[in-house]
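[1] Structure for the following, please:
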Amino acid sequence: MKKNPKFQIIMGALILQNDFLRQTPQIAFYEVIEIVNELKYCFYKDKRKTIRSLSAQIILRLFATLYLEFRLLPSSNKSNEGYLDQFIKSFSKQDILDIFYTNGFEGRLIFQSHGIDLGSLNEINTKLTTILHKFY
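    Reported below is the predicted structural model:
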């Protein structure tokens, strides 16, 4: 019988990935993109709130970084778009909405730290939908 990893190990790994993305997002996504399936598992299958919250933060940071690098910046390297495809295969528009609304205020701060304005509270739904349409 296969044991599940201990809480401290998963939490430690997620904290490291989250900090890595927070400090150097343009470089970090090359590493973090490799664990998108594990992040999805942590968010949807793990019942522990801390693990879900940390994985949600990482997913949103990764989404915001990819959006900025591949959709907003005209000088993005087209040869790296495989990373974008890998993310899109793992997370749908609805997944991103679910993740965003799980950590609504935190999600808004993550987008702001990437220079993505979601506007006022009344505009968040509209702007987030527009961003998702541009991304997907």
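[2] Tell me which helix or strand comes right after the lowest-mean-pLDDT helix or strand in the chain.
    Scoring the helices and strands of the chain by mean pLDDT, DSSP states H and E places helix 25-32 at the bottom, with a mean of 82. Next along the chain after helix 25-32, taking DSSP states H and E as the criterion, comes helix 36-44.
[3] Point out the other helices and strands that whichever helix or strand comes after that following helix packs with.
    Next helix or strand after helix 36-44 toward the C-terminus (DSSP H and E): helix 49-67. Helices and strands touching helix 49-67, by 3 or more C-beta pairs under 8 Å, 6 or more residues apart in numbering; DSSP states H and E, are helix 7-23, helix 25-32, helix 36-44, helix 81-90, helix 93-102, helix 104-113, helix 124-135. Heads up, the C-betas are built off the backbone N, CA and C, glycines and all.
[4] do you know which of those helices lies nearest residue 73?
    Checking those against residue 73 by C-beta to C-beta gives helix 25-32 as the closest, at 9.7 Å.
[5] now the least confident helix or strand of the chain: how far from the chain's centre is it?
    Remark: helix 25-32 is offset 11 Å from the chain centroid, using C-alpha atoms, centre = their mean, to the nearest Å.
[6] Leaving out the residues flanking it, which one is nearest to residue 57?
    The shortest distance from residue 57 to any non-neighbouring residue, by C-beta to C-beta, 6 or more residues apart in numbering, is to residue 18 (5.4 Å).
[7] OK, contacts around that neighbour?
    Applying C-beta atoms under 8 Å, 6 or more residues apart in numbering to residue 18 gives the contacts 54, 57-58, 61.
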